[in-house]
Every structure is written in C-alpha cells, then in structure tokens.
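Chemist: Return a 3D structure for these sequence lines:
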Amino acid sequence: MPIYEYRCPNGHLFEVFHRITDPDPEACEVCGAAPVVKVLHPVPVHFKGSGFYSTDYGRGSRKRDAAGEGDGAKKDDKKPEKAAEKKAAAGDSGGST
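Modeler: The predicted model follows:
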C-alpha cells in the first residue's frame, strides 16, 4: 500500500497510508480544516543506454568526435594540395613524352 501526502488549506502536510481504492481523507489530521489536496512530487527519470540522443547526457565519445573533426579538417586541407601536385606531375610527365 502506498503512502500519500496531503496538504490542508492552512498549510499543514500529513501522510496517509491507504490503498489506491480507499477514499481520500476529507479533513486535515492536524487542524481539521477541509478540503485537503493530494500533493504530487515529480519523479526523476534517467535515460541510459545507446538509444538516446547525444544531447541527453554528456558522453566522453562526443568530446573525442569533436576533437577528431578538428584534426580531420587539417587532413582535408592537405588532400587538395596533394591532388594538385599529382595533377601537375601527371601533366608534366604526360606532356614530356
């Protein structure tokens, strides 16, 4: 059986241990004021596993990916230079024969 927390109009908080099907108390146990309201508390939810977005919780691999992208940009800068050198070498060897 769950424990429910209630609040009366005067601000008193009290807990009641009863079944879900039992009726809510009609008056405050401390001062007798009515009506009482059930207090709901948010529950924490933690999404763990590989099936969630990378923005949900920080991952170490995300940091490594960002570092790898910076290195990849430097590698991409070298590729056009090598391609231009190959074209120039191909043009020189092709034109001299």
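Chemist: and His18, what does it touch?
Modeler: Going by Cβ atoms under 8 Å, 6 or more residues apart in numbering, His18 touches 1, 4. Every residue, glycine included, has its C-beta placed from N, CA and C.
Chemist: Could I get the phi/psi values of it?
Modeler: Main-chain dihedrals, His18, degrees, to the nearest 10: phi -150, psi 170.
Chemist: Where does the prediction get shaky in this protein?
Modeler: 49-97 (pLDDT under 70).
Chemist: Which residue ranges make up the domains of it?
Modeler: Domain segmentation of the chain under automatic domain parsing yields 3-39, 61-90.
Chemist: Report the buried residues of stretch 35-43.
Modeler: Buried residues in stretch 35-43, defined by neighbour count with 16 or more other Cβ atoms under 10 Å: Val36.
Chemist: try stretch 1-12
Modeler: Applying 16+ other Cβ under 10 Å to stretch 1-12 flags 4, 6, 8 as buried.
Chemist: Can you name the element that comes right after the host helix or strand of the first one?
Modeler: Which is Tyr4. Assigned by DSSP states H and E, Tyr4 falls within strand 3-7. The first helix or strand that comes after strand 3-7 along the chain, using DSSP H and E, is strand 13-17.
Chemist: Just name whatever secondary elements that next one is in contact with.
Modeler: strand 3-7 (3 or more Cβ pairs under 8 Å, 6 or more residues apart in numbering; DSSP states H and E).
Chemist: which secondary structure elements does the strand it packs on contact?
Modeler: Against strand 3-7 (3+ Cβ pairs under 8 Å, 6+ apart) you get strand 13-17, strand 37-39.
Chemist: residues making contact with the shortest one?
Modeler: By that I understand strand 37-39. By Cβ under 8 Å, 6+ apart, strand 37-39 touches 4-7, 13, 24.
Chemist: I figured Tyr10 hits Cys31, correct?
Modeler: One thing to correct before we go on: residue 10 is Asn, not Tyr. Yes. In this structure, Asn10 is within contact of Cys31 by Cβ atoms under 8 Å, at 5.5 Å.
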